[in-house]
Structures are given as C-alpha cells and as structure tokens.
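Chemist: Give me a model of this one.
(2 chains)
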Amino acid sequence: MLQGLLNFANFQTLLFLVVGTAWGMLAGALPGISASLAVILIMPFTYSMGAVQSIIALVAVYVGGMCGGSISAILLRTPGTPSAVVTVFDGYPMAKNGQAGKALGLAIAASAVGGIISGIAMVIFAPLLSQVAMKFQSGEFFALGLLGLSCTASMATKNWKKALISGCFGVLISTIGLDYMSGANRFTFGTTWLADGIDFVPVMIGAYAFAEVYRNVLKKPDPDAPKAEVSNGDMEFIGPAHILKEWVTYLKSSIIGTVVGIIPAAGGSIASFISYGEAVRSSKHPETFGKGEELGIVASEAANNAAVGGSLVPTICLGIPGGTVTAIMLSAFTMHGLVAGPTLIRNQPDLLFSILWAIVFASLLLYVIGKILAKQFAKVSQLDYSLVGAMMLVLGIVGSYTLKGNVREVAIMLVFSLIGLVMEHYGYSVATMILGLVLGPITEKGFRKQLIISRGDWTIFFRKPICLIILIVAVISFAMPFIRSARKKKAEGSK
Amino acid sequence: MLEMVFNGVLAAIFLFFIIGGTQIPRLSRPADIVEAGGFPIVFGAIGLILLIFEIISQAKKLRKGERETEEAPLYPAGAAKLAVILAMTIAYILLVKTAGFAILTVCYTFAALFLLGSKKPLFNAVFAVLATLVLVLIFGRFFGITLPRGVGVIKDLSFYLY
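Modeler: Residues are numbered from 1 along each chain as shown, chains lettered A, B, ... in the order given. You can find the predicted model right below:
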C-alpha cells in the first residue's frame, strides 16, 4: 500500500493526476463527450508515460469524467454524460431555486465519497467481488434490469399509474429497431432509418433540455413576478458534517454503485437509476424527490462515481473489461506490458494500490477543480435567458449529433422534445420513460438469452440463487411504495 | 379535456405496439419462447391496462368537476415562438449536410437569440459567430468529430476551420 502511495511522490505523476482529473471534468461537462471518449482522447498522451503513470492518468480522467457530467446536468438541464441523467431530476430544480452552488457542491461531495468508497472496496474485496460478478449471466441481468424497473413506482411522486405508464412507454421505445437475437425488424416501418434503434441520449436531451426551452417560451411574461434568485456561481463546500449527517444515503449509494459497476456491461447509468430509486423508496419524504431534493443528487452522483472503482475490479482481477472505459484501460495495460488478471495482483500489488490512491486523490481533487470549473459554468445561470436558452438549443443539437455523427439523432431529439413537453404537462414522468428506455434492452436480452440457454425452462430464474435474491428485492422494491401508501392511509383513517 | 386526447394518443401507441408485436415474423430459435414480439406485447398490454384505469379515474374526476392538471390557456406568442423553434430545427436537420455545420450553426444561434428575446443584432451576430467558433474548435478540431462540411465552396472553406 505504501509502495502504491510512493508512486505519487514525483512531480510528473501528480501533474498527470491533476491534468487528467481536470480534463475528465471538462470533457464530462460537455454534452456529447462521454467519459469513454475523454479517456480515448487522452490515450495517445499516455504512450510515452510509464505503466503506473499512464494508468493513474487514465483513472483520473475516468473519475473526473463521471463527475463532470453533473455540472451541465445541474446548470443547463443537459447531462454531460449518460450517467448524469438522474442528477438532472433534482439538480436542475435546485439550480432553478437559486441553489446551483449547493447542488454542484453536493454532486462533487457525493462523487468524491462514492469514488473513495469504491476504491477502498476495490482493494479489499477485489478478488471476491470479481468471482461473484462472473456468476452474473443472462438471468441475473434480467433480474437486475427488473430491479431497476421496479424503481418506477418509487419514482412516482404524484401519480403511480402515470409513472408506470411512462416506464412502459420507455420500454416500448427501446424495442424499436433490429432485434438483436432474431434480426427481425421491429416497428421500423420497413425503413433502415429506425433499424439502429433509439438511443436514450438524444431522447434525454430532447425531453429535458429542449423541452425546458419550450416551457420558458410558452410562459407568458409576467412583469410583476418576483425575480428568481440567481446563484452567484460559487460552488458551496459540502464537507464532512453533511456527509456524516446523511451517511446512510452516501454509503448505500456508494455500495450500490460499486456492486453495479463490477457487473460487466452495467455501469454508472444503471447504478444511478437503481440508487436513486432506492433513495426515494427509503425516504420519509419521497414526494420531495424530483423537486430539488438534495439526497437525490447524492444518490445519483455517489453511485455513478462508485461505479468507477467497481468497474475496475473485473478488469484488474480477471482481465475482463466491463465496459468501454475499462476496455480502453485494458489496452493501456497491454501496451505497457502488463497482463491483467490474478497474476497481476500477485506480481504487482503496488499497481492495485496505485489505482486506489489515484481514485482517492482524483476524488479529492474534484473539490478543487470542480470549484474552478463550476464557477465558470455557473456564470451561465447569471446570463440573460436568451443566451442560456440559445446555448441549450445549440448544445442540444451538437450533443445529439456528435453521439453517432448523424442528423438522425437530432431528429429523434426533436421528436422527444415535444413528447417530453406534453408528458410533463400532463403529469407523466419523463424520468421513468428514460428508465424504461435504458433498462428495457438489458431486461429483454437477459430474459430471452436465459430462456434459450435453459431451453425454454422458466423455472431457471428461481433456481439461480443470485437471480432469485435480486428478483425478491425487485418485488419488495416495487411493492414498498404501495405498502407505505396503504399504511399511511390506514394511519390517517384511524386518526 | 386535452389530456384525454393525449391519453387517447398514448392508448393508440400502446395498441400499435401490441398489434405490431403479434405481426413480427418468428425468426429466432425454438427455445426463445417470447420471440421478438414478446416484450412489446407484454409492456404494451401493461401500459394499456394502466392507461384505461387512468382514463376511468380521470373521467370520474371530470364528472365531479375536479381537475388533476390545470390546463393553462395557450399563450399565442409563446406557441408561435415554439413553432418557429421547431421549424428552425427541422430546417437545420434538412440543410446541415448542404450548408455545413459552421454556417448553419451561426444562423441558428443568431435566430434563437433573437427569438428568445435578445434584440441586439450586433451582439447576437458576434455571439453566434464566437459560440460557433468555440463549438467547431472543441468538437471539430480538438475532439476530431466529423462535423458536416456542406457542399461546394462551403466544403472547401470548412477545411480551414475543422
């Protein structure tokens, strides 16, 4: 562990760490630039570095990138990265209420805590966790998807039926395109235009950023209306006092993020959805979520940054990358002559600890870099609305276009901007629609693949222990809001 | 009342997925019991059933004179602005391959600024050019993302920028 720390005892490594974190945050804050793209773009600069230094730099970019997405999510209602979608739910309402600084501070604090906890978990439980993660097969993925979808009811703040309808709508949209198992065209109207399916990033940009501009445009100007409080652009420091006060949410979200991060192909987006759903479910005031609830930001950001440490577990311990970023990191390992897997931990334990320290230091650096970066971004909220609105529109278009380098995504974004506007107007939940869109394919793929493997035997989902446990948790998670509501009604009735 | 219309549209969408799901050809393996149409049918049906319950409860409320969501009167100037934003974005989508990213983004930003209330033409023009330049440099040059170049002279000129 000390050797891992000593690897940082030179100026160059520290510089790479700082530059890497800053770059990751900046790239993450820009819609259309994901954490994986940020890591890819910095890769060429790491060729000439030493093995440990290059891995430290890449980890720093990854940590920064996961956190950076929250900045534009909070200030512009446009998540910089897919993992920051959930941060919009409460971050933007807080910014609108003049609490942008606090929202940014919460996002940074939660990201730092999530990152550090996942780093520690990575070192302590790496071999054990990776073995469990490798038991995850299609059935478990189906159960995990269902667990995420079960949060739909928890996320309903007003009308659970509308939240579930929105969730179903999201799942249905996710089925559009070429079926990945049979190759059949589904709801493509015979065109190749929809064969690729509908990605959730343009949907999210349209339903949130564009729809927000529409809402402002549709509002009749009221000269007598009190002027909204504007943030001074300073990120509020959220220190140990808040973390200790809300330690349950910080810890729970970090654990969820770490565990989901370990599972190959899961990642930060799913982690933040599940964590958010759990935060709503376990809250005494679930009705405050989606309206600027501080714990909503904590749950989302702690989980998506915790997924960083988690996703590195199978990569380092087994040499199996769980996602795009870890696949890039694995190639960096190979480039520097390192062979990821059990032998790596045995032969070069200092590397594992260096990664841990890189996560810890980068997470702490988020406070410093976040303060500088957020101040620049937060100036946006002080600008005249015509500038902010125009920037939201242009960034929405660019963010959608850069996803696949195709105007098709811009068209999809435009369609969903209208759908999002109408849905929110009539009390339907855009959040659960996106949840359905993200988790629909994971659930469907897992379900059908497992049935093929088990030759059509349905009982397989109840015979696999991990799968069964997750399914039970999903059922409890789904039923909990209804049970709580029934109890509340009973209590009110008895009064 | 308009909410009922929206619910009707949603019901039609759910029905479309249910019916469409039954018509997807069976191409997968025999053990794939649910096939490609299974999920759309199941989730379409769940959504439709819930929607019917929602419509019934709304109809009851309407009869009682209650309203869950207040339907604010349409602000005509706002609706016109929304229509212009939509038209602008559609034009952007249709023209970007011909006119190129840089020129069209300048025009779009300028028009959006004007539409959203900034009535200073010189400021709008400078802001639109600078914002586009920053975007082109970040996405086109720095990140190396292929932005549409347009055709003819516009295409040739674009190589100086990105």
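
Chemist: thought residue A:423 was touching residue A:429?
Modeler: Yes - if you go by CB atoms under 8 Å, residue A:423 and residue A:429 touch, sitting 7.4 Å apart. C-beta: built from backbone N, CA, C; applies to glycine.

Chemist: Please enumerate the shared neighbours of the two.
Modeler: Listed as contacting both residue A:423 and residue A:429 by CB atoms under 8 Å, 6 or more residues apart in numbering or on different chains are residue A:166.

Chemist: okay, now the closest residue to chain A within chain B: neighbour count?
Modeler: Residue nearest to chain A within chain B (CB to the nearest CB): residue B:47, separated by 3.3 Å. Neighbours of residue B:47 under the rule other CB atoms under 10 Å in any protein chain shown: 27.

Chemist: quick one: it from residue A:446, how far?
Modeler: Applying CB to CB, to the nearest Å, the value for residue B:47 to residue A:446 is 21 Å.

Chemist: Mind giving me the packing neighbours of the biggest helix by length in chain B?
Modeler: If you go by DSSP state H, chain B has its longest helix at helix B:35-64. Contact partners of helix B:35-64 among helices and strands, from 3 or more CB pairs under 8 Å, 6 or more residues apart in numbering or on different chains; DSSP states H and E: helix A:160-174, strand A:185-186, helix A:430-453, helix B:2-22.

Chemist: right, so of those, which gets closest to residue A:247?
Modeler: Of all the helices and strands packed on helix B:35-64, it is helix A:430-453 that lies closest to residue A:247, at 25.7 Å by CB to CB.

Chemist: That closest one: which residues count as buried?
Modeler: Using 16 or more other CB atoms under 10 Å in any protein chain shown as the test for burial, helix A:430-453 gives A:430-452.

Chemist: how does chain B divide up, domain by domain?
Modeler: Domain segmentation of chain B under automatic domain parsing yields B:2-64, B:76-161.

Chemist: Distance to residue A:17 and mean pLDDT for those - can I get that in TSV?
Modeler: Listed next are these as TSV, based on distance: least, CB to CB, whole Å; pLDDT from 0 to 100:
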stretch	distance to residue A:17	mean pLDDT
domain B:2-64	45	89
domain B:76-161	21	90
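
Chemist: Relative to residue A:102, which of these is closest?
Modeler: Of the domains of chain B, nearest to residue A:102 by CB to CB is domain B:76-161, at 27.1 Å.

Chemist: The closest one: end-to-end distance?
Modeler: Using CA to CA, to the nearest Å, one end of domain B:76-161 lies 41 Å from the other.

Chemist: which one of residue A:423 and residue A:429 has more residues nearby?
Modeler: Taking neighbours as other CB under 10 Å, residue A:423 and residue A:429 compare with residue A:429 leading, 28 against 23.

Chemist: Next, give phi and psi for that one.
Modeler: For residue A:429, the backbone dihedrals (degrees, to the nearest 10) come out as phi -100, psi 110.

Chemist: For it, give its distance to chain B.
Modeler: For residue A:429, the distance to chain B equals 13 Å [CB to the nearest CB, to the nearest Å].

Chemist: Now do the same for that residue: its pLDDT.
Modeler: We note a pLDDT of 86 for residue A:429 in this prediction.

Chemist: That one touches residue A:160, doesn't it?
Modeler: No - the pair residue A:429 / residue A:160 is not scored as a contact, 9.7 Å apart, by CB under 8 Å.

Chemist: For the stretch 351-495 of chain A, which residues are neighbours of chain B?
Modeler: Residues of the stretch 351-495 of chain A lying close to chain B (CB under 8 Å from any CB of the partner chain) are A:384-387, A:389-391, A:393-394, A:397-398, A:401-402, A:405, A:407, A:410-411, A:414, A:418, A:422, A:425-427, A:436, A:440, A:443-444, A:447-448, A:451-452, A:454-456.

Chemist: same deal with the stretch 201-350 of chain A?
Modeler: The stretch 201-350 of chain A comes close to chain B at residues A:213, A:214, A:216, A:217, A:218, A:219, A:220, as judged by CB under 8 Å from any CB.

Chemist: if we can go back for a sec, quick one: the longest helix of chain B to chain centroid distance?
Modeler: 24 Å (CA atoms, centre = their mean, to the nearest Å).

Chemist: buried residues in that helix?
Modeler: B:35-48, B:50-51, B:54-55, B:58.

Chemist: what does stretch A:237-246 give?
Modeler: For stretch A:237-246, by 16+ other CB under 10 Å, it's A:238, A:242, A:243, A:246.

Chemist: Report the mean per-residue pLDDT for that stretch.
Modeler: Stretch A:237-246 shows a mean pLDDT of 86.

Chemist: measure that stretch end to end?
Modeler: OK, stretch A:237-246 end separation, CA to CA: 15 Å.

Chemist: what's it in contact with?
Modeler: Stretch A:237-246 has contacts (CB under 8 Å, 6+ apart) with A:102, A:105, A:106, A:108, A:109, A:113, A:250, A:294, A:295, A:298, A:367, A:371.

Chemist: Thanks a lot, catch you later.
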